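> Structure of the sequence below:
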Amino acid sequence: MASLRDLGLSEYEARAYRALLRTGATTAKELSRASDVPMGRIYDVLNSLEQYHLIRSQAASRPKKYVAVEPDTALDRLLESKRQELDEKAKQYQEVVDELTTELDAAEPVHDQFWTAAVGDDETVDLLIERLAAADESLVMVAGTPSPQFDLGAVGDLVVEEIEAALERGVEVSVLMSPDMVDSLPESVGRRYMDQLSDHPKFHVRTAENLTGVFNLIDDVEVCIEVPNPLDPGQAFAMIDLKDPDFAADLRGTFEPRWERAVPLAL
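Have a look, this model is predicted:
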C-alpha cells in the first residue's frame, strides 16, 4: 500500500500532514492531539513540513496556525524532491564509477588462457555484447553464414550500438562477410549497418568467397565463436569465448590473407 513515507516523509511528518488535511488551519498544540505526534516533536515536524513546502503558516496569529497545501501540489513537490535526490545520487554513483574505471583500467591485463560458454538465446546475446564491449584496440567480425548478430531484431541493434561505442573508443573494426551472407541480409539491415557506420575511418567491411562460420576476434587475444543450432543453422545454439593469445594469433594469421584478398563492400 502506498504511503507518504515512500516519498520521503517520516511517520510523524506523514501523520501531521494527514491530520492538517482533516482539521484545516490549526495550532501546533491542537495538531499534536489530532495527529498523535508528541508535543515535544511537533515543532520539529512542522518545520520539516514547511521545508518540504507542504504546509503554510500564519505567523501573525497568536498562537501561530498552520494549514496544509492541497494534496496534488504536495505530492508534486514531494515527487520533485525525490527526483532531485535521485539525480544527485546518480551523479555521485557516476563519479564513483568514473574513478573506479580509471583505477581498475590501470591494472595490467592478464592474458592467461581462459574459456567460457553460454547456451541459449539470452545468455548467448549477453556474452556476445559483453565481449564486444571489452574491445580496446581491435575488433574483427567474420560472418560466413547467416547469423542472429545481423538479424532485424534487438540483437542486431545491440551489436550496432556496441560497434558504434567501440569506434568511439578508437577501436579498429573490420567486418568480413561472404557474398551469400550479404545477399541474405534484408535491405533494411544493410542500410542500418552501413548508413550508421560505413563513413567512420576505423570501420571496414569486405566480402570474401568460401567463408564459413561466425566468430569475433577481440584485441588479438580473445575469440568469440558462435555455435549454430544443428537443427536450424540460422539460429545460434551457443557462444564460446576463448581467451588464448596463441590461438588468437593463429586465427589472425589465417584471417589476414583472406582480408587482403577480400573485396570492399559498397552498398
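> quick one: the helices in the protein?
Counting by DSSP state H, residue ranges of the helices within the chain are 11-23, 28-35, 39-51, 71-105, 121-132, 154-168, 179-184, 187-197, 245-261.
> Return the alpha-carbon coordinates of the fifth one using CSV.
If I follow you right, that is helix 121-132. Extracted in CSV, the C-alpha atoms of helix 121-132 (Å, rounded to 0.1, in the frame of the first residue of the first chain):
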residue,chain,number,x,y,z
ASP,A,121,19.4,-17.1,-26.8
ASP,A,122,19.6,-14.6,-23.9
GLU,A,123,22.8,-16.0,-22.4
THR,A,124,24.5,-16.1,-25.8
VAL,A,125,23.5,-12.4,-26.6
ASP,A,126,24.7,-11.3,-23.1
LEU,A,127,28.1,-12.9,-23.6
LEU,A,128,28.5,-11.5,-27.1
ILE,A,129,27.6,-8.0,-26.1
GLU,A,130,29.8,-8.1,-23.0
ARG,A,131,32.8,-9.2,-25.0
LEU,A,132,32.3,-6.7,-27.8
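> hang on, the earlier thing: save the helices of the chain as CSV, and put in distance to residue 217, mean pLDDT and mean neighbour count too.
The C-beta positions use only the backbone N, C-alpha and C, and glycine is treated the same way. Below are these laid out as CSV (distance: least, CB to CB, whole Å; pLDDT from 0 to 100; neighbours: other CB atoms under 10 Å):
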stretch, distance to residue 217, mean pLDDT, mean neighbour count
helix 11-23, 59, 95, 19
helix 28-35, 68, 95, 18
helix 39-51, 59, 95, 15
helix 71-105, 21, 91, 11
helix 121-132, 10, 87, 17
helix 154-168, 13, 82, 17
helix 179-184, 17, 74, 15
helix 187-197, 18, 65, 14
helix 245-261, 6, 92, 13
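> Residue 118: how many residues sit nearby?
Neighbour count for residue 118, taken as other CB atoms under 10 Å: 20.
> Tell me which residue of the chain is positioned farthest from its centroid.
Distance from the centre of the chain peaks at residue 62, with 56.2 Å (CA atoms, centre = their mean).
> For that residue, give its distance to residue 27.
10 Å (CB to CB, to the nearest Å).
> okay, residue 110: pLDDT?
On the pLDDT scale, residue 110 is placed at 57.
> now do residue 267
According to the prediction, residue 267 has pLDDT 57.
> With residue 116 instead?
90.
> need the contact list for it.
Counting by CB atoms under 8 Å, 6 or more residues apart in numbering, residue 116 touches 127, 240-241.
> Recalculate using a threshold of 7 Å.
By CB atoms under 7 Å, 6 or more residues apart in numbering, the residues touching residue 116 are residue 241.
> now the one 3 residues further on
In this structure, residue 119 makes contact with residue 238, judged by CB under 7 Å, 6+ apart.
> And residue 199, by the same measure?
Neighbours of residue 199 in contact, by CB under 7 Å, 6+ apart: none.
> Would you confirm that residue 163 contacts residue 171?
No. Using CB atoms under 7 Å, residue 163 is not in contact with residue 171, being 8.7 Å away.
> distance of residue 14 from residue 70?
16 Å.
> What of residue 97?
Per CB to CB, residue 97 is found 40 Å from residue 70.
> what does residue 134 give?
53 Å.
> Just want to know which of these two has more residues nearby.
residue 134 (16 against 9).
> That one contacts residue 216, doesn't it?
No. Residue 134 is beyond contact range of residue 216, at 10.6 Å (criterion: CB under 7 Å).
> Hmm, residue 224 is touching residue 241, no?
Yes. At 5.1 Å, residue 224 and residue 241 qualify as touching, with contact defined as CB under 7 Å.
> which neighbours do the two share?
With CB under 7 Å, 6+ apart, residue 224 and residue 241 have common neighbours residue 131.
> So the two - more neighbours on which side?
residue 224 (23 against 20).
> where does the residue lying closest to that one once chain neighbours are set aside land on pLDDT?
Nearest non-adjacent residue to residue 224, counting by CB to CB, 6 or more residues apart in numbering: residue 216, 4.2 Å away. The per-residue pLDDT reported for residue 216 equals 93.
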